[in-house]
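**Student:** Pasting the sequence and the predicted coordinates here, then a few questions.
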Amino acid sequence: MLKISSLKKLVTDSIAIDLGSASTIIAVKGRDIVLDEPSLVAVNELTEEIVAYGQEAADMLGREGRDIIVKAPLSSGVVADFERTKKMLAHFVKKAKSGGSQVSLQAVMSMISDVTHVEQRALLNAAEEAHISKVYMMEEGLAAAFGAGVLPSDKRATAVIDIGGGTTNIAVIAKGSVVHSRSERLGSHEINTALATHLRRHRGLQVGEETTEILKTNFASTFLPENIDKSMQIRGRDVQTGSPGSVEVTAGEIYPIVENIVRRMAQTIKDTLTELRPEVAADIFDRGVILTGGGALLEGLDQYLRGFINLPVTISDEPRYATVRGLLKMFDEPKLLEKVSRNELGLLQNAEIPFEA
């Protein structure tokens, strides 16, 4: 006969949550990735109610109904709007769960390295509200490293650079722990903002989020294009007349805008690598750096960094999923999970959340 405890093990859903400014990715032990949706909510401004989450909210972006506004409750990798983050997370977790509502949940969540106790408490609270009975919090850099194939037993150091929508996270890992880390609240979303600003100021065209994303993904590149006259038509709203309008942009015009932001990211990485101890620096010199996160998919970023930091640069397989897969691996390493989880509960319980309603 099965003991109650072993029965409980059977019904426990172990889930990994990578709650990012741009996307929320959830993986379940034994099922891999079950949810990958934009971290967005659509809110009715009159009633304050959330009318859509995730992809459904993203599909409304820029074409919202009269009283609807699409919002991102997380900014730069941390909770900006507590109530809505809570509801969004609960919605996503419910969607990701395999069994009925009686299933006991345990989760590992990622967080950026310089998160404050208040911000961490907000994430924990949001997870508790989503009916997760046990929550482990783990540094994003460490999770991304494990997801990119770094072994916890490896005593030599590895540098992992995770570029998300709102943050660039640099973590140097050795023997399953972080020996050095730095987090800059600068991510690939900054490129979208810069492109929109350029088009508004210099070309008199106002464009939406969808347009800048297409421009960044399909047209932008981090190195000087061979054909700088290659062009793309961008449609939007004419700033002067307010009417629908379009402009032709060239690769040569877009390149310096993108390069300016990528250079800032690269400089942060370069500066961080100068702060390492000699043995760690020697390991990184041999091994180079691994890129993870959605920002790693930016055209030519690995080449650009290689030239900037003079080290080998590789992109992990499916870089967007490195963090969540690293979190998921922790369920197979319970001792390591206890060691790396950052749940200083005593400190956290005293960290009052000023923006809780």
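**Tutor:** Ah, there it is.
**Student:** can I see the domain layout of the chain?
**Tutor:** Annotated domains of the chain cover 4-37+75-143+322-346, 154-187+259-320, 189-250 [automatic domain parsing].
**Student:** Next, count neighbours for residue 240.
**Tutor:** 8 (other CB atoms under 10 Å). C-beta: built from backbone N, CA, C; applies to glycine.
**Student:** Over to residue 64?
**Tutor:** Counted with other CB under 10 Å, residue 64 comes out at 16.
**Student:** and it, which of the three is it?
**Tutor:** Three-state call for residue 64 (DSSP: H, G, I helix; E, B strand; the rest coil): coil.
**Student:** ok, now which ones touch residue 129?
**Tutor:** By CB atoms under 8 Å, 6 or more residues apart in numbering, the residues touching residue 129 are 86, 89, 90.
**Student:** swap in residue 294?
**Tutor:** For residue 294, the contact set (CB under 8 Å, 6+ apart) comprises 22, 23, 163, 164, 165, 188, 319, 320.
**Student:** Which strand or helix spans the fifth one?
**Tutor:** Same thing as residue 165. Here residue 165 is covered by no helix or strand, with elements defined by DSSP states H and E.
**Student:** Quick check: it vs residue 14, distance?
**Tutor:** Using CB to CB, to the nearest Å, residue 165 is found at 26 Å from residue 14.
**Student:** Who has more neighbours out of the two?
**Tutor:** Neighbour count, other CB under 10 Å: between residue 165 and residue 14, residue 165 has more, with 23 against 19.
**Student:** Return the residues in contact with the more buried one.
**Tutor:** 20, 21, 22, 23, 187, 188, 189, 294, 295.
**Student:** Repeat that for residue 173.
**Tutor:** Here residue 173 is in contact with 141, 142, 145, 150, 157, 158, 159, 160, 179 (CB under 8 Å, 6+ apart).
**Student:** which residues of the stretch 101-250 of the chain fall in strands?
**Tutor:** For the stretch 101-250 of the chain, the strands defined by DSSP state E, counting those that start in this stretch occupy 105-111, 134-139, 158-163, 168-174, 177-184, 205-206, 231-238, 244-250.
**Student:** looking at those, which is buried most?
**Tutor:** Of all these, strand 158-163 carries the top mean neighbour count, a mean of 28, counting by mean count of other CB atoms under 10 Å.
**Student:** elements contacting that one?
**Tutor:** helix 140-147, strand 168-174, helix 251-273, helix 278-287, strand 289-292 (3 or more CB pairs under 8 Å, 6 or more residues apart in numbering; DSSP states H and E).
**Student:** With distance to residue 221 and mean pLDDT as added columns, please give these in a markdown table.
**Tutor:** Shown next, in a markdown table, are those (distance: least, CB to CB, whole Å; pLDDT from 0 to 100):
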| stretch | distance to residue 221 | mean pLDDT |
| --- | --- | --- |
| helix 140-147 | 24 | 92 |
| strand 168-174 | 19 | 92 |
| helix 251-273 | 7 | 94 |
| helix 278-287 | 26 | 95 |
| strand 289-292 | 16 | 96 |
